[in-house]
Structures are given as C-alpha cells and as structure tokens.
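In: Turn this into a model:
(2 chains)
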Amino acid sequence: MRALYMNLVFKILGKKIFALAVLVGVGVWLLAIPAFTGDLGANPVEKLLHQSGEIAIWTLGAVLSLSPLRVLFPRSWLVNALNRHRRIVGVSACVYGLLHFGFHLLYEGDVQAIARGFAKPFVWFGLGGLSILVILAGTSNNFSIRKLGGKNWKRLHRLAYAAAALLIYHQAIAGKGHWNVARWLLFSLLALQTARVTKMLFTRLRCINRPISGLPAVTTAP
Amino acid sequence: METELAQANCIYRPWDLAQPAVTPEAYYLRRREFLRVFGLGVAASALLPPGIRAESATLNDSLNPSYKLDGVKLTPEELVTSYNNFYEWGLAKNEPKERANHGWKTRPWSIEIRGLCANPRKIDVDELIQLLGPIERRNYRHRCVEAWSMVIPWDGFPLAKLIDLAAPKTEAKYVRFTSFFDPENCPGQRSNDFPWPYSEGLTLEEARNQLAFMAVGLYGKPLRNQNGAPLRLVVPWKYGFKSAKSLAKIEFVTEQPITLWNQLAPNEYGFYANVNPNVDHPRWSQKSERVIGAGFFSGKQPTLMFNGYEKQVAHLYAGMDLRKNF
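Out: Numbers count the residues shown, from 1 in each chain, chains lettered A, B, ... in the order given. Purely as a prediction, here's the structure:
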C-alpha cells in the first residue's frame, strides 16, 4: 500500500506540469502577489530586484545539484524523478535572471544611471553570468543537441559552472554581509561536486581492478 | 508589539512636561476648528510647523525653525519605522521592526560617557535627556550609502551639548560611539560575522558641529526600537551608517577610532563617509538616490554634496582631498 502511494508521489514529482507549477509558483508567490497587494515595502523596485535575483541564483543552484545527486544516489526514485526536470529548471533560472536584469534597469531609472551602472565590475559579473545562462537556455532544445552533437553540447553546457561561479560572486558582493548567504550555496555545490567526483573515481578504480567480471551481478528478491 | 509601544509611551519620563502644563489632547486637536470659526484657518495652518499639524506629539517639543527644510516632503512615519538597516536584528530591512520588539528592553538604559574628559559618568538615558533638554525637532535629510534617501523629523538635542557636559580634555581629538551589546536578546549579534558591538566615530570638530544631533524620538514619539532607541546619533551630511543607533558608550579618544564598516571593507566605507555625489561606491554610483515613498516608477533625485548641508559643514574639510578621505 505504502509503495503504491510512493509510486504515485514520484509519478507526480516527475510530471512536467508539476515542475512548471513550482517554478512559476515561486515567482507568483514572491513577486507577483506582493506587487499586486502592495506588499513590497518602502522600496518596491529594490525588493523586486533583490527577490528576483535570489530566485534566479537558487534556481541555478537547484539545477546544478541535480546531476551530482543522480551520480550519488542512482537508485533514488526521488532523485530520478527530479532529474527529469533539469531542462526546465535551468531555463527558469535564466528567465528569473532576465527578470532580475529588467528590474535592474527599472531601478536605475534613466539611461545615464544605467550607463553608470555598466561601469561597475559588480554589474559585469552579473551580466557575464546571465549571458552564459541565455546561451545555455537558447541551446537547451533537442534541435541544438542534434546540431551540436552530444559531446559538444555537453561541453558547452559545462559553462553552467562558470555562470554559477560568476553569479555567486555577484551575489556575495551585492550587499553588506551577503557573503553570509551566498556561502551556503557555494559550499553545498562544492560539497556535492566533490562527492560526485570522488565517487566516480572510486567506481573507475573498481572497474580497472576487475576488468573481466565487471560489475557484480545484481540479484533480485523473488 | 503595539502594546509594548503603548507601555513605553506611558512610562513617566522626568524630561516630559508636567501633566497640568500640557494642553489636553482633545482641545489640542480641536484648535483648528476654533481657528476656522474665526476665519483664520488657512493663515494659521500655514504658520504651524508641518510635523505638528496632524500629530498629537507625546514629546512636546517644537520644530527648530532653522531646520525646517522648506519645500521637502517628509517620509511617512510608517516607512521610516519599517525600512531599517540595523544588522544587529537581521540583514533584511523589514527584520529590525519584526525582531527588535520582542522583549528587547530599551528602558531603563544607561549610557557611559568616558575617556579623555573632565566629567566622565555612567548615567540613565532619561536623566541625561533631562540634563541636556529641552528637546527640539529638526527635519533632516537622511542619505543611505545604498543610494536611497528619506526626510525624517527627529526629536532630540545637539550633540555639542553633551560634549560640553563631558568637557573633553585638549588631547581628545575624536569621539567614539559604541552601540549596545546584548547577544542574548539580539539574534544578529549571535549569528552573523560582524565585529559587534557596532562602533562609529567622528572628529571632535565634526561632533561639535551644529548639525550633529542626538535623537531620542522621531515624529514626536520616543524612538522605536528599530530606529535605534533610546538614543542615537544623527549626522545628516554623512551616509546613514555613521549615525550609530542604541548607544551604550560615548568616548573621547586621541586616535582615529576603528569603526565597524571601515574595518570590514575599508575600500567601500571610509571613516569620513561624507555624502558626495562625485565619489562612487565601488559597486554603484552615488550621483543619484531613490526617494523612499516616492512611488514605483519615479522617485530618483540627484544627490547633493554633503547631502545638501554644504554651507554648514564644508569648512570642516577645507583643503582635504575628499576622493582620498571618502
């Protein structure tokens, strides 16, 4: 009975519509509803700017933790269900990033102020990271994968790590004391990557030691 | 929170006027009705200082006409008391209001005046206010280093009065301001990585300037906890972080004091931190500022040199390279 329930839960978790609802829902909850109920506080544009930036970077963090999790827990139904959504989670990070950039323009207010902003390295890091996300989102369709070939596509999409590095730095220096928040994202991503690489190395070593028999046979209970 | 605030307002303070001397609020609120009857309403309301017109002030002070700030709109009280950088209570600006009003007592409160002065003392804040009163109201521009601004009606007394009381010795060149340290009640002081307690500093000359102010209230009410109760510094020609909140110690020293933000990021937050549209913050321009409460699409205005107080303070920095001493 329990297994049946779990099965249903994972089926729902694996549905595209579920992922879409969560990803759009975050924006509705944190941006749209407060904007329409006048709940953005004393400095509404700043609030939208910060809120959208936070959503973007944590969404990026989420997508980058999905593949290490799959390597670490290849049999977890939960991890496998969530891994079906990597594309849409990644594209959402880009969309929220673009929204964040839009709020930045609105926040600066006029062309001169926007131009002054572009002189700041702080803005370069954000813009650099966002540009990568736009390229990756633009090529995250089956057509691009076919056109580039799986290997090249994979190589290109490794740029996501560069984007994460740039954007975590952008977040860390965004405000006084923001490093306190950004470091949790950085440390957890680093921990996941380290664990993934370690596990892959171990697996490889094991394969080299037992070249003939390969992987041990898996016996299933009757 | 509301009840706590009400209680705070009910406490008898020796520096309040004696009860019989106060015009009963009902009469006070009806004074305009009286004036209207005599056809003087319009003329009279133009004469009344704007802050006093609508509020029933519990601090019974009056606006110092030299600091009226003609033609400038005051930031609504609701925004002044809900949008605060007070990292002891959290990094988000709504957090101080939410967190500083759960059992953190800002009365009774004692302040230590010490260092190189003839009259050091440890004194209760209300006694100090009584000693240095009467309190007055001043409308001051407030410019945050994060490029937003407000206009706030503060109630308090000139810092110069406190300095005269302390009588600094000739070796004293700087004043160091230290905020409270109470990690038991204050989450930020337990969990985030700042060298608490908050500290700030001024040169003695700056501290003696007529603009330097000790606020004990705003909008005619005692300071709310999130605004730095019970007593805070207000130096309106400098970025907001210089105006240290909830002071516990005021010291007279010889050397330029180490201040919290300057220690954390010396390239971003200088010791002087004078408002200056020509010296950028490394991450953003200081040429303009967002006016809090001015609306969604509008509300940016050019930032003024020394936040518009050039006449009063420019002489303090004559001959100084303001790009270097930012």
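In: And for whichever residue of the stretch 51-200 of chain B sits closest to chain A, the neighbour number?
Out: Residue nearest to chain A within the stretch 51-200 of chain B (Cβ to the nearest Cβ): B:Y83, separated by 3.5 Å. For the C-beta atoms, the positions are set from N, CA and C on the backbone; glycine is no exception. For B:Y83, the count of nearby residues is 23 (other Cβ atoms under 10 Å in any protein chain shown).
In: Ok, A:R75 next?
Out: 6.
In: Now do it, the pLDDT please.
Out: For A:R75, the pLDDT comes out at 90.
In: so what's it up against?
Out: Applying Cβ atoms under 8 Å, 6 or more residues apart in numbering or on different chains, we find A:R75 in contact with no residue.
In: how about the nearest residue to the residue of the stretch 51-200 of chain B closest to chain A, chain neighbours excluded?
Out: A:A42 (3.5 Å; Cβ to Cβ, 6 or more residues apart in numbering or on different chains).
In: Would you mind confirming that that neighbour makes contact with B:L79?
Out: Yes: between A:A42 and B:L79 there is a contact under Cβ atoms under 8 Å: 4.2 Å.
In: Need the residues touching each of those two.
Out: Listed as contacting both A:A42 and B:L79 by Cβ under 8 Å, 6+ apart are B:292-293.
In: Could you say whether the residue of chain A found nearest chain B sits in a helix, a strand or coil?
Out: Among the residues of chain A, A:A42 lies closest to chain B, at 3.5 Å counting by Cβ to the nearest Cβ. Classification of A:A42 by DSSP: H, G, I helix; E, B strand; the rest coil places it in coil.
In: The residue of the stretch 51-200 of chain B closest to chain A belongs to a helix?
Out: No: using three-state DSSP, the assignment for B:Y83 is coil, not a helix.
In: I'd like to know which elements the worst-scoring helix or strand of chain A on mean pLDDT is packed against.
Out: The helix or strand of chain A with the lowest confidence, counting by mean pLDDT, DSSP states H and E, is helix A:2-13 at a mean of 82. Judged by 3 or more Cβ pairs under 8 Å, 6 or more residues apart in numbering or on different chains; DSSP states H and E, the packing partners of helix A:2-13 are helix A:77-83.
In: buried ones in the helix it packs on?
Out: The neighbour-count check on helix A:77-83 (16 or more other Cβ atoms under 10 Å in any protein chain shown) flags A:79-82 as buried.
In: Just the closest of the residues you listed to B:T203, please.
Out: A:L82 (58.7 Å; Cβ to Cβ).
In: Confirm for me that the closest one is in contact with A:L13.
Out: Yes: A:L82 is within contact range of A:L13, at 6.5 Å (criterion: Cβ under 8 Å).
In: Just read off the phi/psi values of the residue of the stretch 51-200 of chain B closest to chain A.
Out: Dihedral pair for B:Y83: phi -130, psi 90, per degrees, to the nearest 10.
In: For it, report the pLDDT, please.
Out: With respect to pLDDT, B:Y83 scores 95.
In: Could you do A:A32 as well?
Out: A:A32 is given a pLDDT of 94.
In: residues from chain A in reach of chain B?
Out: Taking Cβ under 8 Å from any Cβ of the partner chain as the contact definition, chain A meets chain B at A:41-46, A:106-107, A:109-110, A:113, A:116-117, A:119-122, A:173-178, A:180-181.
In: Which parts of the lengthiest helix in chain A count as buried, going by neighbours?
Out: Across chain A, the longest stretch assigned as helix under DSSP state H is helix A:179-209. Neighbour counts over helix A:179-209 (16+ other Cβ under 10 Å) mark A:179, A:181-182, A:185-186, A:189, A:192-193, A:196 as buried.
In: which stretch of helix or strand covers B:K122?
Out: Assigned by DSSP states H and E, B:K122 belongs to strand B:121-124.
In: Strand partners (parallel or antiparallel) of that strand?
Out: Strands that pair with strand B:121-124, judged by DSSP bridges, come out as strand B:110-115 (antiparallel).
In: and the strand it pairs with, average pLDDT?
Out: 97.
In: Output that strand as PDB, nothing but the C-alphas.
Out: Extracted C-alpha coordinates of strand B:110-115, given in PDB (Å, rounded to 0.1, in the frame of the first residue of the first chain):
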ATOM      1  CA  SER B 110      22.400  53.500  30.900                       C
ATOM      2  CA  ILE B 111      25.000  55.300  28.900                       C
ATOM      3  CA  GLU B 112      28.600  55.700  29.700                       C
ATOM      4  CA  ILE B 113      30.500  58.900  28.900                       C
ATOM      5  CA  ARG B 114      34.200  58.200  29.300                       C
ATOM      6  CA  GLY B 115      37.700  58.700  28.000                       C
END
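In: Stretch B:262-278: which residues count as buried?
Out: The neighbour-count check on stretch B:262-278 (16+ other Cβ under 10 Å) flags B:262, B:268-277 as buried.
In: Could you give the average pLDDT over it?
Out: 93.
In: can you give me the end-to-end distance of it?
Out: 20 Å (Cα to Cα, to the nearest Å).
In: how far is it from where the chain is centred?
Out: 19 Å (Cα atoms, centre = their mean, to the nearest Å).
In: quick one, phi/psi of the residue most central in space within chain B?
Out: What sits nearest the mean C-alpha location of chain B, by Cα atoms, centre = their mean, is B:V234, with 3.6 Å. Note on B:V234: backbone dihedrals following degrees, to the nearest 10 are phi -140, psi 110.
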